[in-house]
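Asks: let's see this in three dimensions:
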Amino acid sequence: MVGYSDPDGDEKDATEIRWLKDGTQISAYNDMNWVPSEATSKGEVWEAQARVSDGLIWSEWVMTNPVTIFNTPPVVTSISMLPEGDLITSTNLSVVWEQTDIDGDAESNSEIRWWVNGEWDRDYDGLTTIPASETTRDQHWSVQVVPGDGEDLGSSMKTNARAIQNAAPDTPEINLGGDFSGSIGVPDSLHDLIVEASSEDPDEEIVLFDYRWSRNGFHVPDLDGLQLVPASRLEPGQLWSVTVSANDPWGLSSSVSQNVTIPNLPPVAFWSASPQPPIPGAMASFDASGSSDPDGEIVIWFWTIDGVGLAGQSVDVLLAGGVHTVSLTVIDDMGGSDTIENDVIFGSVITVSSLSA
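Replies: So this is what the prediction gives:
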């Protein structure tokens, strides 16, 4: 605004205005009463000078005091507390926001404040992420950001409070195998198949486990809820699967599955010979009936006696005196096998050289 007075009482006829930025005249704003904000930048020094005329003569130029353009604080345009959707005690909380700065300054030194149940908790000041371990079910959390540009802080923006809800138990960790007197080992059809499970609840609730068993891809309903499958239900080659669910008192659960194939146990080869002691030159019998299979039956017997192959549970051969190598291989109904090899020593053949009466 340009003031005016005239000692002769003449009316103002004309006004001239000049704008100077950092001492340099900016002609684009000549005779304008104001300079638009977008034309100014932080740190500039602006001055205005003006003169008036009564139609006959011009007054002297009058200069305003210099004005320094100071920093304009940033403004938060949006803020969110993540994750979206339900908040549970097993997820971290984080804050993201956007801010603008008409000076073009980047975000710097913004203040982050976390509010718990309506109270500002200064222990979390400056954190963009709150670990899940810091939250508790039924708490109400919100976050506030005071934007900064490295020089000044702007007006803050705060999210609405959101409740922390119940979380499901952690995914169970399970160990599936044979029950060997309190320890779990490689399963077989001679020992119960047992599963051990563990899980923690983020809300420190009691965790209860449920079990669902399947055999060769088919659900076995009568085993539901049982921690083990009796050995009487197991056979070599079966594929058993168990799904373990960890449940909290509020009805939330998490589950995991694991499967195992019941392996075949190999047979044990054993043979005996008769008569004892061996008689050279006489028929000798070799018997494999003492061989055994712990989880099935032996179906094939292979003999090799002095390099000659024979088959059958028992064989009869005529052997001369000396050392003879006897090998027995037994095969069970699942293809498992075992081999045993021993030497048999026959003495010299006894002959009659003379008779007397």
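Asks: and Ile331, bridged to which residues?
Replies: Bridge pairing for Ile331 (DSSP bridges) gives the partners Ile300, Ser337.
Asks: what number of residues lie near it?
Replies: For Ile331, the count of nearby residues is 19 (other CB atoms under 10 Å). The way it works is simple: take the backbone N, C-alpha and C, and place the C-beta from them, glycine included.
Asks: mind checking how far it is from Asp293?
Replies: 10 Å (CB to CB, to the nearest Å).
Asks: give me the common contacts of the two.
Replies: Pro267 (CB atoms under 8 Å, 6 or more residues apart in numbering).
Asks: report the central residue of the protein.
Replies: Thr171 (9.9 Å; CA atoms, centre = their mean).
Asks: quick check, that residue in contact with Ser198.
Replies: No - using CB atoms under 8 Å, Thr171 is not in contact with Ser198, being 10.6 Å away.
Asks: which residues does Trp61 contact?
Replies: Here Trp61 is in contact with Arg18, Gln49, Ala50, Arg51 (criterion: CB under 8 Å, 6+ apart).
Asks: of the residues you listed, closest to Gly3?
Replies: Closest approach between those and Gly3, by CB to CB: Ala50, at 9.1 Å.
Asks: kindly provide the whole-number mean pLDDT of the one helix or strand the closest one maps to.
Replies: Using DSSP states H and E, Ala50 sits in strand 45-53. Across strand 45-53, pLDDT averages out at 94.
Asks: which elements pack onto that strand?
Replies: strand 14-21, strand 62-63, strand 67-68 (3 or more CB pairs under 8 Å, 6 or more residues apart in numbering; DSSP states H and E).
Asks: could you rerun that using 7 Å?
Replies: strand 14-21, strand 62-63 (3 or more CB pairs under 7 Å, 6 or more residues apart in numbering; DSSP states H and E).
Asks: direction included, what does the last one pair against?
Replies: Applying DSSP bridges, strand 62-63 is found paired with strand 45-53 (antiparallel).
Asks: try the longest one
Replies: Paired strands of strand 14-21, with direction, are strand 24-25 (antiparallel), strand 45-53 (antiparallel) (DSSP bridges).
Asks: run the chain-centre distance for the last one.
Replies: I take that to be strand 45-53. In terms of CA atoms, centre = their mean, to the nearest Å, the centre of strand 45-53 is found 69 Å from the chain centre.
Asks: buried residues of that strand, list them for me.
Replies: By neighbour count on 16 or more other CB atoms under 10 Å, the buried set for strand 45-53 is Trp46, Glu47, Ala48, Ala50, Val52, Ser53.
Asks: repeat that for stretch 224-233.
Replies: Gln227, Leu228, Val229, Ala231, Arg233.
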